[in-house]
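> A structural model of the following input is requested.
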Amino acid sequence: MGVMEHVASVMSEWLVIAGAILAAASGVPGLFVGRNSPAGERWATAMLVAAAISGITGAVLATIGASTGIDLAWPVPGGRFAVKIDGLSAPFVVQIFLLATVGSVYGLGYWSQSDHTRDGRKLRLFYGLMAASMVLLVCARNAMLFIAGWEIMAMAAFLALTAQDDQKTVRDVGYLYMAATRLATLCLFAMFAVLFVSTGTFDFIAPSTTISPRAANAIFLLALAACGLKAGIMPMHVWLPGAHASAPSHVSAIMSGLLINIGIYGLLRVFSLFPHPPLWWGQTVLVLGAISGVLGVAFAIGQHDFKRLLAYHSVENIGIICLGIGIALIGRSLGNDVLLVLGIGGAILHVWNHGLFKALLFLSAGSVLHATHTREIDQLGGLAKRMPWTGAAFLIGAVAICGLPPLNGFVSELLVFLGLFRSAALPKGTLWLAGALGAPALALIGSLALACFVKAFGAMFLGEPRSNHGSVAKEAGRLMLGPMAALALLCLIIGVVPWAIAPLLDSAVAAWAPERADTVQTLLRLAPLSWISILSSLLLVCLAVAFVLLRARVRLSSVGQANGPVGTWDCGYVAPGPTMQYSSSSFAQTIVGLFSWALRPNVHNPGTHDLFPRPQTFTSEVKDPVLDAFLIPTVQRGSSAARWFKWLQRGSQQAYLLYILLALIVLLLWQ
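Model prediction:
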């Protein structure tokens, strides 16, 4: 072992833990300064920057050499402070520190202490604690430590999400998130209990080959329920749209770019313990991924709140990640290394890409909200003239999330596509159906995402303002534009030089399937990453030339107009008004109609029946059918039924003692 590898094996985890401690304590200095003082927010950002330097350095060192890990005694039954960074956890560690720091810098301009004296300090406290708990969770190698990180993350996210707890809507979505995360924790407890019975330890080790199929299937289903709730896999997504829409935008960014990805990490870590999973595991995950991807983007198209629209796109991208995981599980079941590498490589890379472009989109949306004070798409318009840099950042994020070259979303979706195509070529039985159905589903997801962001970008940034909200908007400050520019640059770098990150993805594949680490092929052999780099570079040059020529032509045409510049989309009218533009509802009407069987839109169309009709109002609203049509009515009926037993609560100790006595008698007689 070389000197560098020895240093890496000793220092990597300690640097990451030091970074987590700095992140957890980043909000503490603000508690000891005045509510109007900016010192607290500056200290918090400085500590998060230091945490990122320490943590990212530790994660990089862990990928250089074989990490020895940390294993210390912990006075918790069955628990140990067992921490180790491998190829699977390192990408998550880097992403957590990176996005948390970028969001903190953005928060200096977006959520300054001077403007939020009531909730600024507590938001920063729980923001840093949430980031630290996620780092602890992805490094944990003991079930008790994992659950501790999970619970701290859940509570910190709840308190950060509900920072504006004086608003009823914020409290409502916070309670819904709390109910979902409590259910996820219960499933997690049950999963680790079954795993303990199978292995005899709370450490993360693979169960022996003698584990019963029933126990293995129970672990799979419980992990899918617990981590699926956290990740927002449809139909377990009900908490996600409201929470991401109502949270402060930089909190929305790390909830969408980091917190739900922790659910994906949990699935990957649990699935890695089973070298020979049943074939139906991969098929189930793949089907859930296709459903989440297609319906997630369909629900996004029907939204009028741009933050809620982005939240449903998180469900869509979790579906794409699950398509990759499903392909990898099928490959592991069949001993097919090609499917395994393409599936896990595509899934891990899309986790990274989703964190980058979704954080970019939420920060761009936060800048729009900060300038216009509305989340309604149909109240906006013409923002590209007033907020050109924010518009450019949103456009880059939109191109990336649609999976278009030369940005990063194209690369990860291509890897998943290649895995689906390879599975469609499988000769064994009906397994080709996985690829034959999954590939069209992924193509449909991409086309619907493109339509959705054409709607969102066109209605928000193009045309003319539809209300005073859009007409008074001003560009965001440097503290908000800087983080957006950094994320946009990272999206571009991964899209142009994807071959540079291929070794990191190979390391993740080896950590997920260690039994095949010496036999699997590399991503550079299985995917045309070098060709992607060449073609993306050429496309980037062509786009730059086209932009320069177009801008020069626009300048010449505006100089030659005798009567001054004309309005955007004026169509020759003398006095065009904002109502003459397409609204987001009208743009999405056809697609919403095609998916009306799932979206069930509430449409109020009074129609026009007279020759000179009076002004009418058309409204269209797409609610979540799982939450609004099933869960809420079910809970209400359960509450009504529970009232019939209210007479049992008499408030008398004698009555309660009688109930206990009767229960004991029944149990004794039954025994």
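> okay, now residue 522: neighbour count?
The local packing of residue 522 (other CB atoms under 10 Å) involves 15 other residues. For every residue, glycine as well, the C-beta is placed using N, CA and C.
> I figured residue 539 was touching residue 410, is that so?
No: counting by CB atoms under 8 Å, residue 539 does not reach residue 410; the two are 10.2 Å apart.
> more neighbours: the two, which one.
residue 410 (21 against 15).
> now the more buried one, nearest residue through space, not along the chain?
Residue nearest to residue 410 in three dimensions, not counting chain neighbours: residue 403, with 5.2 Å by CB to CB, 6 or more residues apart in numbering.
> buried residues in the helix or strand hosting residue 179?
Following DSSP states H and E, one finds residue 179 within helix 168-199. For helix 168-199, burial by neighbour count (16 or more other CB atoms under 10 Å) applies to 170, 173-174, 176-178, 180-181, 184-185, 187-188, 190-192, 194-195, 198-199.
> next one: stretch 436-454
If you call a residue buried by 16+ other CB under 10 Å, then stretch 436-454 has these buried ones: 436, 438-439, 441-442, 445-446, 448-453.
> could I get the full set of strands for the chain?
70-73, 80-83, 602-604, 619-621 (DSSP state E).
> quick one: residues in contact with the first one.
This means strand 70-73. Residues from elsewhere that reach strand 70-73 (CB atoms under 8 Å, 6 or more residues apart in numbering): 13, 14, 17, 80, 81, 82, 83, 84.
> domains of the chain?
1-267, 275-557, 628-670 (automatic domain parsing).
> mean pLDDT added to the ones you listed, as a markdown table?
Output for the domains of the chain, formatted as a markdown table (pLDDT from 0 to 100):
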| stretch | mean pLDDT |
| --- | --- |
| domain 1-267 | 89 |
| domain 275-557 | 90 |
| domain 628-670 | 81 |
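> so which of the buried residues of stretch 436-454 belong to helices?
436, 438-439, 441-442, 445-446, 448-453 (DSSP state H).
> quick one: residue 99 from residue 148, how far?
Taking CB to CB, to the nearest Å as the measure, residue 99 falls 22 Å from residue 148.
> from residue 137, how far out is the residue nearest in space to the middle of the chain?
The centroid of the chain falls nearest to residue 256 when counting by CA atoms, centre = their mean (3.2 Å). Taking CB to CB as the measure, residue 256 falls 17 Å from residue 137.
> for residue 379, same thing?
Taken as CB to CB, the span from residue 379 to residue 137 is 39 Å.
> more crowded one of those two?
A direct count of neighbours by other CB under 10 Å for residue 379 and residue 137 places residue 137 higher, at 24 against 19.
> skip the chain neighbours and tell me the closest residue to that one.
Per CB to CB, 6+ apart, closest to residue 137 is residue 149, 3.3 Å.
> quick one, what contacts the one you found?
Applying CB under 8 Å, 6+ apart, the residues contacting residue 149 are 133, 134, 136, 137, 140.
> from residue 226, how far out is the residue nearest to the last one when sequence neighbours are not counted?
The spatial neighbour of residue 140 that comes closest, neighbours along the chain excluded (CB to CB, 6+ apart), is residue 146 at 4.2 Å. Taking CB to CB as the measure, residue 146 and residue 226 are separated by 11 Å.
> more crowded one of the two?
Per other CB under 10 Å, whichever of residue 146 and residue 226 has more neighbours is residue 226, with 27 against 23.
> does that one touch residue 188 like I think?
Yes: at 4.2 Å, residue 226 counts as touching residue 188 under the criterion of CB under 8 Å.
> what's the overlap in contacts for those two?
Shared contacts of residue 226 and residue 188 (CB under 8 Å, 6+ apart): residue 266.
> residues near residue 524, how many?
15.
> how much space separates it from residue 500?
For residue 524 relative to residue 500 (CB to CB), the value is 11 Å.
> ditto for residue 553
Applying CB to CB to residue 553 and residue 500 gives a distance of 36 Å.
> distance of the residue nearest to residue 140 from residue 588?
41 Å.
> nearest spatial neighbour of residue 348, skipping sequence neighbours?
According to CB to CB, 6+ apart, the nearest residue to residue 348 is residue 508 (4.7 Å).
> do residue 113 as well
Nearest residue to residue 113, sequence neighbours excluded (CB to CB, 6+ apart): residue 120, at 4.2 Å.
> for the one you found, give me its contacts.
30, 35, 40, 41, 111, 112, 113 are the contacts of residue 120 under CB under 8 Å, 6+ apart.
> try 7 Å this time
Neighbouring residues of residue 120 by CB atoms under 7 Å, 6 or more residues apart in numbering: 41, 111, 113.
> tell me the spacing between it and residue 163.
8 Å.
> mean confidence for stretch 590-602?
Mean per-residue pLDDT for stretch 590-602: 81.
> quick one: contacts of that stretch?
295, 298, 299, 301, 302, 448, 451, 620, 621, 622, 623, 625.
> next, the buried residues of it.
591, 592, 595, 599, 601.
> ok, back up a step: tabulate the buried residues of stretch 436-454 (a markdown table), appending distance to residue 366.
Listed next are those as a markdown table, based on distance: CB to CB, whole Å:
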| residue | distance to residue 366 |
| --- | --- |
| 436 | 41 |
| 438 | 34 |
| 439 | 35 |
| 441 | 31 |
| 442 | 29 |
| 445 | 25 |
| 446 | 26 |
| 448 | 25 |
| 449 | 21 |
| 450 | 23 |
| 451 | 24 |
| 452 | 19 |
| 453 | 17 |
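> widest-spaced pair of those?
For these, the maximum inter-member distance is 27.7 Å, found between 436 and 453 (CB to CB).
> ok so, going back, from the contacts of residue 149, which is closest to residue 107?
residue 134 (17.3 Å).
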